[in-house]
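>>> predicted model follows, preceded by the sequence.
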Amino acid sequence: MTVYQKLDKVRVELQNSNLPKSGFNKFAGFKYYELGDFIPTVNTLNEKHGIISIFNMKGSVASLKIVNIENPKEFINFELNIVDAELKGATKIQAHGATNTYMKRYLYLNCYEIVEGDSVDAQPQEDKVVTPKVISVTTTDDKATKEQVAELKKLAKEAKIPESRMKEKYGNFIYTTPFTSAYNKALKEITDYLAKEKK
């Protein structure tokens, strides 16, 4: 399976796992996810489906790379612009640690599509950190590989979806050069369709 199919399986199993919310904002009275609420489950599912997530902060960008263990050259890279945490009375290292935690949390929520309310965290209103904006989702070279295109065509054929229909719905770019989110969307829709047909 491709890294996209594997990540999709992890996302579905994760959303059905009834993750607890241990964080609590006493000022607004809502619960939220902390890293410890979902990372152990994510790691277990990653291992089960043969992918690994690697978090990193470099310069002004934080990233979460999802790597296909069976084919390490195939990966998806989620990135966010780093927004520094501003905590009252915190030392520089404490503020850095808070920034690391915030960025890691947001990237995991985004990558694994872990849904919660519009709340940010357990900080008082005046100390909240603005949710960073997603700036990119890329593959190794920003282009669909020949293997990825072949896999998509194979699945579309299996689902009896004409290639002309695929091009009409997702654009010729799926079958040519640039990789975009439409490729991943097409792959998910086809695999979901096949899964329903096999039930």
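Received it, and whenever you're ready, just let me know what you need.
>>> what segments of the chain are strands?
Per DSSP state E, the chain carries strands over the ranges 23-25, 30-32, 51-58, 61-68, 75-81, 134-138.
>>> direction included, what does the fifth one pair up with?
Strand pairing for strand 75-81, using DSSP bridges, gives strand 61-68 (antiparallel), strand 134-138 (antiparallel).
>>> what comes up buried for that strand?
75-80 (16 or more other C-beta atoms under 10 Å). In this view, the C-beta of every residue, glycine as well, is placed from N, C-alpha and C.
>>> dump the residue contacts of Leu64.
53-56, 77-79, 104, 107-108, 110-111 (C-beta atoms under 8 Å, 6 or more residues apart in numbering).
>>> equivalent analysis for Ser22, please.
If a contact means C-beta under 8 Å, 6+ apart, then Ser22 has 31, 33-34, 36-37 as its contacts.
>>> which one is Val3 nearest to, not counting chain neighbours?
Asn68 (3.9 Å; C-beta to C-beta, 6 or more residues apart in numbering).
>>> got a pLDDT number for the one you found?
With respect to pLDDT, Asn68 scores 95.
>>> run a quick neighbour tally on it.
By other C-beta atoms under 10 Å, 21 other residues sit near Asn68.
>>> for Lys154, give its distance to Asn81.
37 Å (C-beta to C-beta, to the nearest Å).
>>> that concludes my questions; thank you for your assistance.
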